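1. need a structure here:
(one chain, ligands or ions: 1)
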Amino acid sequence: MTVLDAFRLDGRVALVTGGNRGLGAACAVALAEAGAEVALLGRTEPADTRKRIEALGRRVTYLPCDLGTAAPEEFTAAVGAVRADLGRLDILVNNAGIIRRAPAAEVTPADWHDVLTVNLDAVFHLSQAAGRAMIAQGSGKIINVASMLSFQGGIRVPAYTAGKHAVVGLTRALANEWAGLGVNVNAIAPGYLITDNTAALREDPARAAAILERIPAGRWGTPEDLGGAVVFLASEAARYVHAAVLPVDGGWLAR
Ligand code: NAP
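-> Below you'll find the predicted structure:
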C-alpha cells in the first residue's frame, strides 16, 4: 500500500453528527469523496448533503436524532442502525454543536444545560456506543470537533468554552483507554470558519475585523478547509496518531 492509498476510505462506513449543514456537511462529503459510505445523524433531514454524497456514488443513510434530548440508549440504537443499514461502523465524527452567547452573569440554567448536553454529553454517549462496536471489531476512528475555545476562554460563551475544553479532555481519556484496542480517538480544532455558528461574529464589524486581523492566513476558513484533516484522521494514514488535537485555524493559535 502506498502512502496515498492509506488515505483512501473505500469500504469504510462513517457516522457524522450534524451533517445537515456547515462543517458536518463538508466533513461528510469529504469522507464520501475519499470513498466512505456515510450515515448522517441529526435532527433535520439532510437533503442537500444526501444528494451530494449520492452524486459521488456512495451510499448514505439518515438517522433522525435530537442530541439535546436523546437518552444514551438511543445512541446505542443509532450505532446498531448504521451497522444494519451500511454493514459496519469504522468512523465517528462528533461534529454537531451549538453556541449561546451571553455574559457569564446572565447565562440561564437552560442555556448552560442545552450547550453542554449537545456539545459534551452527546459526544461521550455516542463515542461510548460507537467505541463498543469498534473495540469489538478491533478497529475504528473517532474524531471530535473541538474549537479554539478548547484552548482559550472566549468572549461571552462560557458554556461553549467549558464544553469544548472538556471535549479535548474526553478525547485524551478515550484515547488512553482505546489506543491499545485498535481505536484512534483524536480531535480537530477549527479556527474561525464561515458557517451559521459564526454568523453573529461576522455581522459585528468590530469583532469581524479583530478576528480577521489575528488570523495569519489572512482570511476566515471555509468548511471545505476541514476536509483534508478529517479524511487524514479517519484513515490508516493516521494509524499511529492518538489523542491529537489538530488545529485547522489559519495559524490563529500561533499568535
Ligand atoms: P452550524 O452551521 O450551526 O451547524 C451545526 C450542526 O449541528 C447542524 O447540522 C445542526 O443541525 C447540528 N445540531 C445542533 N444541535 C443539534 C441537536 N440538538 N441535535 C442534532 N443536531 C444538532 O455550525 P458549524 O460551524 O458547522 O459547527 C459544527 C461544529 O464545529 C460544532 O461542534 C461547532 O462548535 C464546531 N466549531 C465551529 C467553528 C466555526 O468557526 N464554524 C469553529 C470551531 C468549532 P440542524 O441543521 O438540524 O440545526
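
2. CA atoms for contacts and neighbours, from now on please.
-> OK.

3. ok, which residues in the stretch 101-250 of the chain are in contact with the ligand?
-> Within reach of the ligand by C-alpha under 6 Å from any ligand atom, the stretch 101-250 of the chain has these residues: 118, 145-147, 190-198.

4. Let's see if you can find the most crowded of these.
-> Of all these, Ala146 has the most neighbours under the rule other C-alpha atoms under 10 Å, reaching 29 neighbours.

5. Now do the contacts for that residue.
-> With C-alpha atoms under 8 Å, 6 or more residues apart in numbering as the criterion, the residues that contact Ala146 are 164-165, 167-168, 187-190, 245.

6. again with Arg255
-> Taking C-alpha under 8 Å, 6+ apart, one finds 214-216 in contact with Arg255.

7. Selecting buried members of these in PyMOL, what would you type?
-> Selection of buried members from the contacts of Arg255 for PyMOL, criterion 16 or more other C-alpha atoms under 10 Å:
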select buried, resi 214+215
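
8. quick one: which of the contacts of Arg255 is nearest the ligand?
-> Ile215 (12.4 Å; C-alpha to the nearest ligand atom).

9. Not counting sequence-adjacent ones, nearest residue to that closest one?
-> The shortest distance from Ile215 to any non-neighbouring residue, by C-alpha to C-alpha, 6 or more residues apart in numbering, is to Trp252 (5.0 Å).

10. Check the contact between the one you found and Pro216; I expect there is one.
-> Yes. Under the criterion of C-alpha atoms under 8 Å, Trp252 makes contact with Pro216 at 6.4 Å.

11. how about the helices in the chain?
-> Counting by DSSP state H, the chain has these helices, from start to end: 22-33, 47-55, 72-86, 109-116, 122-137, 158-178, 199-203, 205-214, 227-234.

12. okay if I get those as JSON lines plus mean pLDDT?
-> Output for those, formatted as JSON lines (pLDDT from 0 to 100):
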{"stretch": "helix 22-33", "mean pLDDT": "98"}
{"stretch": "helix 47-55", "mean pLDDT": "98"}
{"stretch": "helix 72-86", "mean pLDDT": "97"}
{"stretch": "helix 109-116", "mean pLDDT": "98"}
{"stretch": "helix 122-137", "mean pLDDT": "98"}
{"stretch": "helix 158-178", "mean pLDDT": "98"}
{"stretch": "helix 199-203", "mean pLDDT": "94"}
{"stretch": "helix 205-214", "mean pLDDT": "96"}
{"stretch": "helix 227-234", "mean pLDDT": "98"}
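
13. Next, count neighbours for Leu56.
-> The burial count for Leu56: 14, using other C-alpha under 10 Å.

14. wait, doesn't it sit right on Ala30?
-> No. With contacts counted by C-alpha under 8 Å, Leu56 stays clear of Ala30, the gap being 10.3 Å.

15. ranking the helices of the chain by burial, who's on top?
-> helix 22-33 (a mean of 25; mean count of other C-alpha atoms under 10 Å).
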